[in-house]
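Asks: just coords:
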């Protein structure tokens, strides 16, 4: 492990990185002025890497690099927490996110307060290098109002999220779950989650269909795993609220049909152009369900897809 900095650090950033040698330099460049001046503590946890991720990160003066053989993002979070000491606010970051120094500073300022908050940037997906099926999938997904609402009220899925001292005190260690950001998100009320619109997290999506299916399979498994985890967990006040029951399948279908009839989006030109995207989205989701079903039948997984 590299030597820890001794400056007056005002924020810590934990970056679990698994084989990110092609992206880690772009990510760390945005932190360099503040790291060099001793304002930020940036901790790269190279977990289970078989490439030069750690060596690339060491090229940035002041960045702490810790190597481990355990290829686990959650273990990276916990290791980074240990190395972050008593520095708050504290952020957990993906190495493939692209942000500017000004946007990072805005997130730090937003999280610097006494009351518990969860803070994340607004996310924009970069599919410029993706194939048509990947672009079609995300174009269709962005049409769903539920996805837009989730994006405005959840810090999960942003690739960059954090909290202050009061927020981090709500849980001890990250458990061994796939969806660490989902676990983190559930410890905050919707009113405590702050999405900073002026800060934009540019995240590159999968380049091809196979990569998209792998990502969506992991997300689906993570969500199912978290659902099972939450069913056994009791949250302390003020989080001890009960979730509204989900409507039955017949009621959800009735609402969707009513929306289609009333909106008439399928009759206009934009709706007709969206048909190929919709078919691609449906096709991908079916492949993901099949992939999840195969994985959950294996001995390595105790998660049942629902």
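Replies: Cool, the structure landed. This is a predicted model, so every value here is computed, not measured.
Asks: Please give me every residue in contact with the nearest residue to residue 72 once chain neighbours are set aside.
Replies: The shortest distance from residue 72 to any non-neighbouring residue, by C-beta to C-beta, 6 or more residues apart in numbering, is to residue 47 (6.0 Å). In short, each C-beta sits where N, CA and C put it, glycine included. Residue 47 makes contact with 16, 17, 18, 68, 70, 71, 72, 73, 75, 76, 79 under the criterion C-beta atoms under 8 Å, 6 or more residues apart in numbering.
Asks: what's the burial count for the second one?
Replies: Spelled out, that is residue 17. Residues near residue 17, counting by other C-beta atoms under 10 Å, number 28.
Asks: which residues touch it?
Replies: Taking C-beta under 8 Å, 6+ apart as the contact definition, residue 17 lies against 24, 44, 45, 46, 47, 49, 53, 57, 76, 95.
Asks: doesn't residue 84 make contact with residue 12?
Replies: Yes. With contact defined as C-beta atoms under 8 Å, residue 12 and residue 84 form a contacting pair (3.9 Å).
Asks: hey, what's in contact with both of the two?
Replies: Common contacts of residue 12 and residue 84, defined by C-beta under 8 Å, 6+ apart, comprise 41, 43, 90.
Asks: From residue 220, how far off is residue 25?
Replies: Distance, residue 25 to residue 220, by C-beta to C-beta, to the nearest Å: 32 Å.
Asks: The two: which is more packed in?
Replies: Between residue 25 and residue 220, counted using other C-beta under 10 Å, the more crowded position is residue 220 (21 against 15).
Asks: host element of that one?
Replies: Element membership of residue 220, judged by DSSP states H and E, is helix 209-230.
Asks: Residue 59: neighbour count?
Replies: Using other C-beta under 10 Å, residue 59 has 12 other residues around it.
Asks: Pretty sure it sits against residue 25.
Replies: Yes. In this structure, residue 59 is within contact of residue 25 by C-beta under 8 Å, at 7.3 Å.
Asks: what about residue 12, is that helix, strand or coil?
Replies: At residue 12, secondary structure determined by DSSP: H, G, I helix; E, B strand; the rest coil is strand.
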